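Enquirer: Sequence and predicted structure below; questions after.
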Amino acid sequence: MSKKRYVNTTFWRDDYISSLDPSEKLLFLYLLTCPDTTIAGVYQIPLKIIAADTGFDKDMIVKILARFKDDDKVLYRDGWIAIKNFIKHQSENPSVRAGIERELGSVPEDMIGFMTDCTQPVDSLSDSDIVEYSKVKLSEGKVGHAAFKPPTPDEVQEYLDSQKCKFFDGEQFCDFYTARGWLIGKNKMKDWKAAVRTWIRRDKEKLRAELRCFDD
């Protein structure tokens with residue numbers, strides 16, 4: 001049976017999506033809208049199906065999915081996909097919420113733990129505990145949603161070091177956005193790592209331009 005999946009037009013201006021390269025954007029959009037999606041954003045799909053639908057080879061898919069996992073956006077494990085913020089974009093209609101609860105009641109524990117930001121070790125919880133936890137989060141309207149917490153200069157510096165970036169440091173980044181209330185334009189920052197990557201790309205492009213001028 002066919003299903004309808006609506007994608008908000010703000011998808012393309014989202015801070016995180018804007019930080020992705022074209023292949024990553026396509027795969028993220030595919031994960032949101034492919035025929036296997038469910039109303040809870042957790043579903044089973046083999047890599048070979050993703051490869052057949054998108055035209056990407058499996059190695060590229062695995063690499064992109066690893067980035068999504070590192071960015072805490074998507075978890076792929078044992079043939080299951082879980083999209084972190086999928087639920088918060090669904091309707092508040094009671095029948096929709098009931099459908100989400102049903103879906104969460106039939107998926108692996110670690111997928112629910114990922115979707116609900118469960119703070120207890122998943123292995124220590126029973127199936128019923130996790131399902132009840134997800135219901136509480138649904139009633140609070142918090143499933144898949146975490147409030148933005150500004151990073152410390154040390155956290156930014158650690159991330160910069162992992163990206164091998166020497167263009168700026170964590171203190172410069174934090175001072176810049178602290179002075180602006182952690183706003184990007186008029187919007188509250190949602191993902192500081194995506195903003196860091198934007199800075200890195202900007203500085204790399206500036207350096208390339210300077211080098212071209214020098215060659216001329």
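Expert: Alright, I've got the coordinates.

Enquirer: Closest to the mean position in the protein, which residue would that be?
Expert: Centroid-nearest residue in the chain: Lys73, 2.2 Å away (criterion: CA atoms, centre = their mean).

Enquirer: Do I have it right that that residue meets Tyr16?
Expert: Yes. The pair Lys73 and Tyr16 qualifies as a contact (CB atoms under 8 Å) at a distance of 6.8 Å. Where C-beta positions appear, they are placed from N, C-alpha and C, glycine not excepted.

Enquirer: still on that earlier bit, so the residue nearest to the centre of the chain versus Arg67, what's the distance?
Expert: 9 Å (CB to CB, to the nearest Å).

Enquirer: swap in Gln163?
Expert: Going from Gln163 to Arg67 by CB to CB gives 12 Å.

Enquirer: quick one: the strands in the chain?
Expert: 42-44, 74-77, 80-83, 183-184, 187-188 (DSSP state E).

Enquirer: What are the buried residues along the third one?
Expert: Just to be clear, that refers to strand 80-83. Using 16 or more other CB atoms under 10 Å as the test for burial, strand 80-83 gives 80-83.

Enquirer: That one packs against which elements?
Expert: Using 3 or more CB pairs under 8 Å, 6 or more residues apart in numbering; DSSP states H and E as the contact test, the elements touching strand 80-83 are helix 22-33, strand 42-44, strand 74-77, helix 109-116.
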